[in-house]
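Peer 1: model this:
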Amino acid sequence: MTKLSQCARCKKDRRNCRYYTPEDDTDCPHYSGARHCAILDDKDDVGCIWRMVLIIVIAIIVIIVNLSGVKVTFAGVASAVLGGLFVLLAIIWLICWGSDSIGKLLKRVKTKKNMKTDKTKDVEDVATPVNNSTSELPTRTLLQVALHRLNLQYEFDAEQNFIVRYQGETFRIVAEDENVYLQIQNLRWYDAPLDDIDNLSLVYRAVNACNMRDMVRLVYTYDRAENELSLHALYDVLWMSQIPDIEALLVASFEKMLRAHHLFFHVMEELRREEFGRIN
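Peer 2: Alright, predicted model coming up:
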């Protein structure tokens, strides 16, 4: 239906109705013979219903007033007959027109309810336990749901990786929908000066020892400008909707990376004692 084929109601307030399509030149679906608009707005539906109720009430009042008197007059009988006709017409109107309007109003209310449900679907998905869902969620969506349920705030870096803060530490989570694994990264949680050769030697040995003991991988990078060595922790996590209690898995992964810190410092202390004992 183009602009030219729209009825006056469609072009009310100079706005096109929902049936407007520039490429379709069919007649306005609202117009049908003597009935100008078979499909009414919500406000018109309500007004139509109230008008019918008002007519019925007036007709009933006329009948009661005229029949309640003791004296029966021609005017009273005529009023009663007219009142009966009013009631009959109102009933016919209610059946033929009002039922259609009421049905469309109820249908429109149901449609709006469904639209509201669709808009809040994501929120409801968050509130629903992930593992009760039979459908598989994409990796990134599943991560967002888990973070929301854990009440953990997150943001995105330039590469669209998740930045999450937990227990005072900042974690970067690399999540891709094409990959069922997450890589959780804890970057630059330990720095060591490059000119301290003895300490660097202990760092290298501690990193190797920790990587042999734990699944959290410790790696280091050099920053020549700052003259520092920086340690980073990496942990790969299988991330699928079928995993039970997946939020607990995410928390356990964070805790595991924090324990990797403690393991590193514990190994460093052991190595220092070993070196001190060897020197003495």
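Peer 1: Report the contact partners of Leu218.
Peer 2: 207, 210-211, 231-234, 260, 264 (Cβ atoms under 8 Å, 6 or more residues apart in numbering). Glycine gets a C-beta too; all of them are placed from N, C-alpha and C.
Peer 1: in the stretch 1-150 of the chain, which segments are predicted with low confidence?
Peer 2: Across the stretch 1-150 of the chain, the ranges flagged by pLDDT under 70 are 1-54, 57, 59-88, 90, 92-135.
Peer 1: Go again with 80.
Peer 2: Scanning the stretch 1-150 of the chain for pLDDT under 80 picks out the ranges 1-136.
Peer 1: For the closest residue to Arg149 other than its chain neighbours, identify the helix or strand it belongs to.
Peer 2: Once flanking residues are discounted, Arg149 sits nearest to Glu247: 5.3 Å by Cβ to Cβ, 6 or more residues apart in numbering. If you go by DSSP states H and E, Glu247 is part of helix 246-279.
Peer 1: Regarding the protein, what is its longest strand?
Peer 2: In the chain, taking DSSP state E as the definition, the longest strand is strand 181-193.
Peer 1: Show me what that one is packed up against.
Peer 2: In terms of contacts (3 or more Cβ pairs under 8 Å, 6 or more residues apart in numbering; DSSP states H and E), strand 181-193 is packed against strand 169-174, helix 197-213, strand 228-238, helix 246-279.
Peer 1: Not counting that strand itself, show me its contacts.
Peer 2: Contacts for strand 181-193 (Cβ under 8 Å, 6+ apart): 139, 143, 169-175, 199-200, 203, 227-239, 253-254, 257, 261, 264.
Peer 1: Give the buried residues for it.
Peer 2: 182-186, 189-190 (16 or more other Cβ atoms under 10 Å).
Peer 1: if we can go back for a sec, report the buried members of the contacts of Leu218.
Peer 2: Counted by 16+ other Cβ under 10 Å, these give 207, 210, 231-234, 260, 264 as buried.
Peer 1: For Ile55, state which of those residues is nearest.
Peer 2: Leu234 (77.2 Å; Cβ to Cβ).
Peer 1: Please give me every residue in contact with that closest one.
Peer 2: 183-185, 216-219.
Peer 1: From the contact counts, what lies against the helix holding Glu247?
Peer 2: The contact analysis (3+ Cβ pairs under 8 Å, 6+ apart) places helix 246-279 against helix 139-149, strand 169-174, strand 181-193, helix 197-213, strand 228-238.
Peer 1: Just say helix, strand or coil for Ala225.
Peer 2: Secondary structure assignment for Ala225 (DSSP: H, G, I helix; E, B strand; the rest coil): coil.
Peer 1: burial count for it?
Peer 2: 6 (other Cβ atoms under 10 Å).
Peer 1: same check, this time on the one 3 residues further on
Peer 2: In terms of burial, Glu228 registers 16 neighbours under the definition other Cβ under 10 Å.
Peer 1: Domain ranges for the chain, per the record?
Peer 2: Using automatic domain parsing, the domain ranges for the chain come out as 1-39, 40-119, 135-279.
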